[in-house]
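> Any chance you could fold what I've pasted below:
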Amino acid sequence: MFKVDLGKGAELRQLVPWQAEEFLAHIERARATVDPWIPWASRSTDLASARQTLQRYADLESRGEGRILGIWLDGVLVGGVMMFDYDDASGVCEIGCWLEPAGTGRGLITQSAALLIEWLIRDRGIYRVEWHCRPDNVASSNVARRLGLKHEATLRGNFVWKGVRYDTEIWAVLAPEWPESAP
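Below you'll find the model as predicted:
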């Protein structure tokens, strides 16, 4: 089984469909802080939809086009990182993250995202890793800064959540920049 020790009782592991019950319980704890930022969180409202979210990532991973990893703290799922929109031809993908309040302030997202970026660049040969977030998601943009990503653009009004349009910041790192910017 894939597992990375993050220290201080934290582990980074794959999230798979058979863990849907644990995933749903976690999303319920995280919902207030995750729903506005992560589209699949709003759709993961019962066991079937939680399983469907994880199955979507399992299917992406089987094709080499995505991945979802959970962060466990003292044996409890508290967040994770994911890779999606993988375009092998252009060498570009997007990563994202989420975290429930019990996991905040420990550097778990920064450390996990750095490991994911490292894997994407070194093992998968990705040239460009993107990070998208709303400007009002300060925690997310702070992680992008800590990772050494550069803010490249703000797309105006391109993200709709609960009928309201929001802007999206685009942050990115290129493979040749990664060793210098890695935390």
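> So which residues of this structure form strands?
Taking DSSP state E as the criterion, the chain carries its strands at 3-7, 10-14, 67-73, 76-87, 92-99, 128-133, 150-161, 164-174.
> Now tabulate those strands in a markdown table and tack on distance to Ala114 and mean pLDDT.
Any C-beta I mention is one placed from the backbone N, CA and C, and that applies to glycine too. What follows is those, written out as a markdown table (distance: least, C-beta to C-beta, whole Å; pLDDT from 0 to 100):
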| stretch | distance to Ala114 | mean pLDDT |
| --- | --- | --- |
| strand 3-7 | 11 | 96 |
| strand 10-14 | 11 | 97 |
| strand 67-73 | 12 | 98 |
| strand 76-87 | 10 | 96 |
| strand 92-99 | 10 | 97 |
| strand 128-133 | 11 | 98 |
| strand 150-161 | 16 | 95 |
| strand 164-174 | 10 | 97 |
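> I'd like the ones you listed as TSV, with mean neighbour count and distance to Trp40 appended.
As requested, these are exported to TSV (neighbours: other C-beta atoms under 10 Å; distance: least, C-beta to C-beta, whole Å):
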stretch	mean neighbour count	distance to Trp40
strand 3-7	13	23
strand 10-14	18	16
strand 67-73	23	9
strand 76-87	21	9
strand 92-99	22	9
strand 128-133	21	14
strand 150-161	12	12
strand 164-174	16	16
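> do you know which of the ones you listed lies nearest Arg31?
Among the strands of the chain, strand 92-99 comes nearest to Arg31, with 10.4 Å by C-beta to C-beta.
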